[in-house]
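Peer 1: with the sequence up front, the predicted model follows.
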Amino acid sequence: MPTHFTISSPLEQFEIVTILPFSISGLNFSLTNSSLFLILASLLSICWTSLSFYNQTLIPNNWQLVKESIYEVTAGMVEDNLGPKGEFYFPFIFTLHLLLLYCNLIGMIPYSFTVTSHIVFTFALALSIFIGINVIGIQTHGFKFFALFLPRGVPLTIVPLLITIEFLSYIVKVFTLSIRLFANMTSGHTLLKIIAGFAWTMLSAGGLLAIFHLIPLTLLLALIGLELAIAGLQAYVFTLLTCIYLNDVLDMH
């Protein structure tokens, strides 16, 4: 009698599920798996930071060493892109880097949820950062901030076209910032799920195929290491681009 195995869809891991339904005046405030893991990532980052400050020694312990490494990477990023004026914005940039890193790494745990794999989260985060950066630019430069869309020495005949192009290219930053993080996390997790399902199908088939399942399993282990590196890299790139965009409005490049 043949045995049937059901392999779930690789995209099923990205499904948002309501855990605790709650609404007020028709507005949905339900607790979902996405919001739950976002809260979990925030709490873990706070707990980890607290542990790294606990019982500090001259020779760093493991908690201190990891914390200082991430701190130095973020501090170097701010120093290289913003200079001395970046000290004021460092707490926000460090918090952003830490939160994205935890969201990405928690998503690597089997049967967990990757918050950054949803465009609605990455786009909302990128849009809020973009709005905040522009508010900072207007507060710093006043109406001169809008000269960002009109370089000097441009003939009047092409001013409308150039302003439109500059404005659109400026707006595109929101989409590139959000899509880069979303696409990398989604594609990586989908590939891992497909290869894991393929290895399980070969093992379940029995016979000679059960032996050859070690090939996709070995590939899966290698891709997990690569995906862990991508999780850290994408958190770094998102934070780095935030620093670059902030520097553009502060220095009016």
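Peer 2: In hand now; what should we look at? Numbers count the residues shown, from 1 in each chain.
Peer 1: could you pick out the longest helix of this structure?
Peer 2: Assignment by DSSP state H gives helix 159-205 as the longest helix of the chain.
Peer 1: how far off centre is that helix?
Peer 2: Its chain's average C-alpha position is 11 Å from that of helix 159-205, according to Cα atoms, centre = their mean, to the nearest Å.
Peer 1: stretch 14-29 now?
Peer 2: Using Cα atoms, centre = their mean, the offset of stretch 14-29 from its chain centre is 23 Å.
Peer 1: when you give positions from now on, start the count at 19
Peer 2: Got it, first residue is 19 now, which makes that one stretch 32-47.
Peer 1: quote the end-to-end distance of that stretch.
Peer 2: End-to-end distance of stretch 32-47: 20 Å, with Cα to Cα, to the nearest Å as the criterion.
Peer 1: okay, buried residues for stretch 237-248 please.
Peer 2: 238, 241, 245, 248 (16 or more other Cβ atoms under 10 Å). Backbone N, C-alpha and C define where each C-beta goes, glycine included.
Peer 1: so who does the second one touch?
Peer 2: The neighbours of L241, taking Cβ atoms under 8 Å, 6 or more residues apart in numbering as the test, are 206, 209-210, 213.
Peer 1: now the helices: where do they sit in the chain?
Peer 2: Going by DSSP H, the chain shows helices at 51-71, 80-100, 108-124, 137-159, 177-223, 226-230, 232-269.
Peer 1: still on that earlier bit, same question for the longest helix of the chain, mean pLDDT?
Peer 2: When pLDDT is averaged along helix 177-223, the result is 86.
Peer 1: relative to helix 137-159, how tilted is that helix?
Peer 2: Angle between the axes of helix 177-223 and helix 137-159 is 150 degrees (criterion: axes from the mean of the first three to the mean of the last three Cα atoms, to 10 degrees).
Peer 1: from the contact counts, what lies against helix 177-223?
Peer 2: Helix 177-223 sits against helix 137-159, helix 226-230, helix 232-269, with contacts defined as 3 or more Cβ pairs under 8 Å, 6 or more residues apart in numbering; DSSP states H and E.
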